[in-house]
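# Build me a structure from this.
(chains A and B)
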2 protein chains.
Amino acid sequence: MEKQWLAPRMADLGTNAIREILKVVNQPGMISLAGGIPAPESFPLDLIERLTHQALATYGAGALQYEATEGFGPLREALVPHLAAQGIAAAADHILIASGSQGVLDALGKVCIGRGDAVAVEAPTYLGALQAFSPYGPRYCSLATDDDGVIPEALEAQLCREPVKLVYLVPTFQNPTGRTLSLARRKRIAALIQRYDVLLIEDDPYSGLRYRGEPQPPIKCFAPDHVAYISTLSKLFAPGLRIGFVAAPRRLREALVKVKQGVDLHTSTLGQALAAIYLDGGHLEKHLPRILNLYRPRQRALLDALERHFPAGFNWSRPEGGMFVWSEGPEGLDMERVYHRAVQHGTAFVPGKFFYTEPSQGLGTMRLNFTMADPHSLERAVAILGEVIRAEMVAV
Amino acid sequence: MEKQWLAPRMADLGTNAIREILKVVNQPGMISLAGGIPAPESFPLDLIERLTHQALATYGAGALQYEATEGFGPLREALVPHLAAQGIAAAADHILIASGSQGVLDALGKVCIGRGDAVAVEAPTYLGALQAFSPYGPRYCSLATDDDGVIPEALEAQLCREPVKLVYLVPTFQNPTGRTLSLARRKRIAALIQRYDVLLIEDDPYSGLRYRGEPQPPIKCFAPDHVAYISTLSKLFAPGLRIGFVAAPRRLREALVKVKQGVDLHTSTLGQALAAIYLDGGHLEKHLPRILNLYRPRQRALLDALERHFPAGFNWSRPEGGMFVWSEGPEGLDMERVYHRAVQHGTAFVPGKFFYTEPSQGLGTMRLNFTMADPHSLERAVAILGEVIRAEMVAV
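So this is what the prediction gives:
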């Protein structure tokens, strides 16, 4: 292929460093805490044939036909009470179905981001959002965070400093940190985005995976006209179906529909029909406890193992849900070095620095996923990590 | 929503005029030749449950899990002989699965088109391609066509005149005209794109719908390293599954994968698993004659009715397959006026001018779809159109 075939934006995308270093994690025998994917045993595999039968009986050939870009009507209707249960008042007409959360992020990037626009993200932030936004040429402004999530004063300082095109946050059980934004901060951030009249993308894929504690209301509850609220069925049904959705202010949703039509016409009708019946038929309520009972002991095992095996000087998040724990080691320790040694000992994780938009941040951090390994393997993996880290600390 | 939330590119997209005027076609009692969608009775509805059962039995939870952006391995493998049967030698590693042809068009636009780049398209051309490309800011150069498709000399003149970023053609049973590019022209165009080292997007959704005559080899056969060959299972299986694919030169495919990862991570795994079994299990071979036997008499009925009811001075295409017939009336007749009168009489079509990138072209043209109406309705619709046109000709 000739270089001149590529548009200039391709140069911005660079190589996917994380994809490169993670290539080794699928080696046989590796215990991987590096992934970010649901356990296959969390899927309602036994339900799929029944849902398919019902979808075809209910919608006939309509389940296989082209569909409106906005999304399959019965799924949008089924999402209304699903969202209401989280405190979000959205009519079916405010909802757009997309091909995963990723599809919403791409459409929002295309609709909103012009070259050079300031986009404010948490430090660290979700990599998939950066992959969706980057082709549209944003300039990222990274917002400081602590154990309670993004620091509102950091957002306010940024909004004072210059016009910001959009703010992107994962307020609940964040990827990569597992942190949840406190209620007081949610209200404060809602006030800020309204005062500065800026769009907030509230990405909420994990809040359904709560193992203990009380749910927090989405920021959208406090600033409905300034928030595009994104969620997905990837963690509550099956990621391979690629069903994401957004509840957005009406005119923004219209722009998203226009853009999505050029991207994929619409999301799989059959997948949407299965999802509609999964929600409408009460299957999610029945299945969710199975998912939570699978992940709760895994998270417990990871947190307990960290207490046992990680040396002094390490801190880690203790999320009430989600898929990740975030660990931060003492200054001077380079977790990419630890990663390469750990892999030699059969254990993988993601060095946290890859989740920062600014270089040289988060060198001592690591993202640990607990959904894909059983408690015994998690204990063993963390024991290995503890040993590798101790050896590395001596070397430093 | 505030205007300042939108990126400048949104202003380029404008309103979707065709979507506006077609809003009326779903009125009850309307015979619509306006659509571009397969008949629901062409779907292998009775197969879906069996395919689902087999997909789950064969791939287990893998059919519901996240998948590589490149596409589900078994589907890419199944597409190798499918493409070989059309003369295209593509290994599984050269194939990318996307969310419909539309998903490929969007990814190609993002990978290749920079603001202001010249993109050469047929006059008239497929609207979905324009919708995919336009957000990336191309400048369209329209290529003259005749009954044998695009005129190679028009392409050569364009390539001489200025650097062209890519050429987009639908060589077989084109949308909107139904025309097929002759073999001699295919070879001539292959030579041109190689000589000028320009990328050709060969979009081929319809060639499987051949009712008579001999297949033409894809242009990709004659210039494999300069053609991204796109096709889809939307017309041969079910459009609602959104399974498209592209066979592209290796480095271009790598760039497409990188971009698609940010757009939707990957196409529905379950949909891909169903498609793999549909192809691999020989179901397409068995089902295709049912589709052809459904559409062949519909096309016949439309062509016969045109002979009977359209006034002198009209010409239309007589395609050997596909979904459309293209009609051209005498100069001075405005088919948008005819459209509005026809709708009042219960019949819809698409005025052809909407398929041109340059204003004031194709005023007297119309696109007639025959897949969605039975032969009797087609006869009635064309009789009405004939009457409306005669009345309009008198008025002019």
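
# For the rest of this, base every contact and every neighbour count on C-alpha atoms.
Noted.

# what does the stretch 251-396 of chain A put close to chain B?
Neighbours of chain B within the stretch 251-396 of chain A, by Cα under 8 Å from any Cα of the partner chain: A:251-252, A:255, A:261-271.

# In a markdown table: those residues, plus distance to residue B:337 and pLDDT.
Shown next, in a markdown table, are these (distance: Cα to Cα, whole Å; pLDDT from 0 to 100):
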| residue | distance to residue B:337 | pLDDT |
| --- | --- | --- |
| A:251 | 31 | 91 |
| A:252 | 33 | 96 |
| A:255 | 29 | 96 |
| A:261 | 27 | 95 |
| A:262 | 28 | 96 |
| A:263 | 32 | 97 |
| A:264 | 32 | 97 |
| A:265 | 28 | 95 |
| A:266 | 31 | 97 |
| A:267 | 35 | 98 |
| A:268 | 36 | 98 |
| A:269 | 35 | 98 |
| A:270 | 38 | 98 |
| A:271 | 40 | 98 |
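
# any idea which helix or strand carries residue A:326?
Residue A:326 belongs to strand A:324-328 when assigned by DSSP states H and E.

# Name the nearest residue to whatever residue of the stretch 251-396 of chain A ends up closest to chain B, ignoring sequence neighbours.
Proximity to chain B, evaluated over the stretch 251-396 of chain A using Cα to the nearest Cα, is greatest for residue A:262 at 4.3 Å. For residue A:262, ignoring the flanking residues on the chain, the nearest one in space by Cα to Cα, 6 or more residues apart in numbering or on different chains is residue B:132 at 4.3 Å.

# That neighbour belongs to a helix?
Yes: under DSSP: H, G, I helix; E, B strand; the rest coil, residue B:132 falls within a helix.

# contacting residues around it?
Contacts for residue B:132 (Cα atoms under 8 Å, 6 or more residues apart in numbering or on different chains) come out as A:262-263, B:102, B:105-106, B:109.

# Outline the domain layout of chain A.
Under the assignment automatic domain parsing, the domains of chain A span A:3-44+A:286-395, A:65-284.

# sorry, back to before: state the mean pLDDT of the strand holding residue A:326.
If you average the pLDDT over strand A:324-328, you get 98.

# give me the beta-bridge partners of residue A:210?
Beta bridges link residue A:210 to residue A:321 when assigned by DSSP bridges.

# Could you do residue A:315 as well?
residue A:328.

# what residues are up against it?
A:327-329.

# If we only consider those residues, which is nearest to residue A:353?
Nearest to residue A:353 among the contacts of residue A:315, counting by Cα to Cα, is residue A:328 at 10.8 Å.

# From residue A:364, how far out is that closest one?
Distance, residue A:328 to residue A:364, by Cα to Cα, to the nearest Å: 6 Å.

# What about the closest residue to residue A:95 other than its chain neighbours, how many residues nearby?
Of all residues not flanking residue A:95 in the chain, residue A:247 sits nearest, at 4.6 Å (Cα to Cα, 6+ apart). The number of residues packed near residue A:247 is 28, by other Cα atoms under 10 Å in any protein chain shown.

# Need the pLDDT of residue A:247.
98.

# what sits against it?
A:90, A:94-96, A:228-230, A:253.

# can you tell me which residues contact the nearest residue to residue A:73 once chain neighbours are set aside?
Spatially, and ignoring its direct neighbours in sequence, residue A:73 is nearest to residue A:92 (7.8 Å; Cα to Cα, 6+ apart). Listed by Cα under 8 Å, 6+ apart, the contact partners of residue A:92 are A:73, A:76-77, A:79-80.
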